[in-house]
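A.B. asks: Quick one, fold the following:
(one chain, ligands or ions: 1)
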Amino acid sequence: MNEHSLIDWQAAALRSTALYLDHHATTPVDPRVAEVAIRMMVEEFGNANGVENIHGERAASAVAQARDRVGQLLGAEPGDVYFTSGSTEAIQLAISHSIGTHRAPLRIAISRVEHKAVIDTALHAQRLGMAEILWIDVDDKAQIEQSSLRSALAGGVDLVCVMAANNEVGTIYPIGEIVRTASEHGADVLIDATQAIGRMPLNLEELGAAYVILSGHKIYGPKGIGALISPVFEYSSVFGLQGAHHPTPNVSGIAALGFACELMELEGEAESRRLKHLRDQLQERLLSLVPGLIVNGDENTRLPHNLHISAPGALNDVVLSRLRGKISISTGSACNTGAQEPSHVLRAMRLPDPHIDSCLRIGLGRTTTAADVERAAVEIAEAINDVRSSFSGVLDV
Ligand code: PLP
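C.D. replies: Next up is the predicted model:
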């Protein structure tokens, strides 16, 4: 690929004045994945539902290949892979399937740090009388309180929802242990692996979870494509979907997701090692440049590309506005109806208000270099220190 190519991301990153370090929000599409998507759109455009001709047949075989690749990454049967428009739809399908296969209301235990895609789906089902939520508490590192999980399970639970890794603070969960404990109590488990996929080992066969979900745009694939992987799922049992028509598959998105998964399988481990090293460097630099900086989450078990910090006294929206156009990072909390609310994850961790108000999430990615890390450390530290000095005396921190 030459430097003028539209789909050369190194060149695109160089053309951009702002450094992208928000890879938990979304990732750029890997040009190798984009090439697959474009080839499918232009050359293999058949309808995978209509295998009466060679075009349809080829599209269907591309879908089958993608199913193999997703299954392979997760140690799952290809037949257990269901393509969706992303993690949100996969979560909705899984929860609706669980509702459709249990006596109402579904007793659903949810960790307080789940993504809003899980929490809002469950709250909606609860409002409809289809579910009853039991909340699982977490500690100050966002780790699940085992006693809270066990007491929920003791009262009878149909479905436990836990993430493999947290999208804000990066905490990694002992999902093998959680699935074992849940199974002992007869509960199914839904694992939201959106942030974890390809970045830590996940084997569905070993885990024995009922549902695992993932999304293309978090692993250098396109937006609008994801998957539900489940040995128990059937469309015919989804509450409210019985007899629904199967839409025309998004073949280019599906093929791209499959290839993104294959790349993660081939390169994910080495990439995670490289990013962990860079993340640790960034953390060290920031700690040396910003007095009183706090690192949030569980430093012993954290996503390799995640750094979540608080700088009490430097309101995060002011820091972000100073960094706008230079470094793209975020607060990391889900934004509802355009209004930024304090993070429900940090609230669940019971962090003090000054830590919540000053939190920043940094997410490194496939194109991040050591020079980027140094530039980010200097710019972020400068922004925080500036904001602190302009607000000193104004805010009581
Ligand atoms: N779950 C987690 C942990 C996420 O980080 C996200 C996206 O931010 C989602 C679910 C929703 O994913 P999607 O955008 O594919 O619907």
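
A.B. asks: did I read that right, residue 98 in a helix?
C.D. replies: Yes: Residue 98: assigned to a helix according to DSSP: H, G, I helix; E, B strand; the rest coil.

A.B. asks: so what's it closest to, chain neighbours aside?
C.D. replies: Counting by CB to CB, 6 or more residues apart in numbering, residue 98 lies nearest to residue 159, which is 4.6 Å off, once chain neighbours are set aside. Where you see a C-beta, it was placed from the backbone N, CA and C, and this is true even at glycine.

A.B. asks: residues contacting the one you found?
C.D. replies: Taking CB atoms under 8 Å, 6 or more residues apart in numbering as the contact definition, residue 159 lies against 95, 98, 102, 106, 107, 108, 109, 187, 188, 189, 190, 210.

A.B. asks: Relative to the ligand, which of the residues you listed is nearest.
C.D. replies: Distance to the ligand across the contacts of residue 159 (CB to the nearest ligand atom) is lowest for residue 190, with 11.0 Å.

A.B. asks: which regions of the stretch 101-250 of the chain sit below the pLDDT cut-off?
C.D. replies: Applying pLDDT under 70 to the stretch 101-250 of the chain picks out residues 242-244.

A.B. asks: Let me see the ranges of the strands in this protein.
C.D. replies: 19-20, 81-84, 106-111, 131-136, 159-163, 188-192, 211-215, 226-229, 294-295, 306-310, 327-328, 335-336, 339-340, 359-363 (DSSP state E).

A.B. asks: hmm, back to that, quickly list what the residue nearest to residue 98 is bridged to.
C.D. replies: residue 108, residue 188 (DSSP bridges).

A.B. asks: ok, now residue 135?
C.D. replies: According to DSSP bridges, the residues that bridge with residue 135 are residue 110.

A.B. asks: my read: it touches residue 113, true?
C.D. replies: No: using CB atoms under 8 Å, residue 135 is not in contact with residue 113, being 10.4 Å away.

A.B. asks: who's more crowded, those two?
C.D. replies: Per other CB atoms under 10 Å, whichever of residue 135 and residue 113 has more neighbours is residue 113, with 27 against 14.

A.B. asks: ok, that one touching residue 163?
C.D. replies: Yes: here residue 113 reaches residue 163: they are 7.4 Å apart, a contact under CB under 8 Å.

A.B. asks: show me the contacts for the nearest residue to residue 87 once chain neighbours are set aside.
C.D. replies: Residue nearest to residue 87 in three dimensions, not counting chain neighbours: residue 215, with 3.9 Å by CB to CB, 6+ apart. Residue 215 makes contact with 86, 87, 90, 194, 225, 226 under the criterion CB under 8 Å, 6+ apart.

A.B. asks: Is residue 215 bridged to anything, and to what?
C.D. replies: residue 226.

A.B. asks: Could I get the pLDDT score of the residue in the chain positioned nearest to the ligand?
C.D. replies: Distance from the ligand to each residue of the chain (CB to the nearest ligand atom) is smallest for residue 86, at 2.8 Å. In this model, residue 86 is scored at 97, pLDDT.

A.B. asks: Count the neighbours of the nearest residue to it once chain neighbours are set aside for me.
C.D. replies: Using CB to CB, 6+ apart and skipping residues adjacent in sequence, the residue nearest residue 86 is residue 226, 4.0 Å away. The local packing of residue 226 (other CB under 10 Å) involves 28 other residues.

A.B. asks: for residue 317, same thing?
C.D. replies: 11.

A.B. asks: same check, this time on residue 88
C.D. replies: Residues contacting residue 88 under the criterion other CB under 10 Å number 19.

A.B. asks: so it makes contact with residue 117?
C.D. replies: Yes: at 4.3 Å, residue 88 counts as touching residue 117 under the criterion of CB under 8 Å.

A.B. asks: what residues does the stretch 1-150 of the chain put near the ligand?
C.D. replies: By CB under 6 Å from any ligand atom, the residues of the stretch 1-150 of the chain that approach the ligand are 86, 87, 88, 115, 117.

A.B. asks: Of those, which is the nearest to residue 255?
C.D. replies: residue 86 (16.1 Å; CB to CB).

A.B. asks: my read: the closest one touches residue 227, true?
C.D. replies: No: if you go by CB under 8 Å, residue 86 and residue 227 don't touch, sitting 9.2 Å apart.

A.B. asks: who has more neighbours, those two?
C.D. replies: Set residue 86 next to residue 227 and count neighbours by other CB under 10 Å: residue 227 wins out with 31 against 22.

A.B. asks: wait, isn't that one in contact with residue 70?
C.D. replies: Yes: counting by CB under 8 Å, residue 227 touches residue 70, with 5.5 Å between them.

A.B. asks: Can you pull the residues that touch both of the two?
C.D. replies: Counting by CB under 8 Å, 6+ apart, the residues touching both residue 227 and residue 70 are 81, 214, 257.
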